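Participant: the following block contains a protein sequence and its predicted model.
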Amino acid sequence: MKKIDLNKSVYELTKEYPELIEILVELGFLGVKNPAVRNTLGRITTIQKGCEKMGKDLNEVIEKLKSKGFEIKL
């Protein structure tokens, strides 16, 4: 099973699981599609921080990731 540690940066997670990019875009994290943004802001941003900035419910994001076959580590 694919494990996502929510303490890792978006950059680290998308390097490990490239398919995560499209899932995050579906969830409204549009910047993650841009390699330059992923390589800069993505290195210092976690999924949790992204949710806070965008006003997204972290639990909804977690449920979506689980439905796509990811195990979440908080």
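Facilitator: Received the coordinates, thanks.

Participant: going by C-alpha atoms from here, please, whenever you check contacts or count neighbours.
Facilitator: OK.

Participant: quick one: mean pLDDT for stretch 19-37?
Facilitator: Here the mean pLDDT over stretch 19-37 is 96, rounded to a whole number.

Participant: now do the contacts for the residue at the greatest distance from the centre of the chain.
Facilitator: Taking C-alpha atoms, centre = their mean, the residue of the chain most remote from its mean C-alpha position is M1, at 16.6 Å. Applying C-alpha atoms under 8 Å, 6 or more residues apart in numbering, we find M1 in contact with G69, F70, E71.

Participant: the strands in this structure, which residues?
Facilitator: When secondary structure is read from DSSP state E, the chain shows strands at 2-5, 70-73.

Participant: tell me the centre residue of the protein?
Facilitator: Central residue of the chain (C-alpha atoms, centre = their mean): I47, 4.5 Å from the mean position.

Participant: mind listing what that residue touches?
Facilitator: I47 makes contact with L6, S9, V10, according to C-alpha under 8 Å, 6+ apart.

Participant: go on, N39?
Facilitator: N39 sits next to Y11 when contact means C-alpha under 8 Å, 6+ apart.
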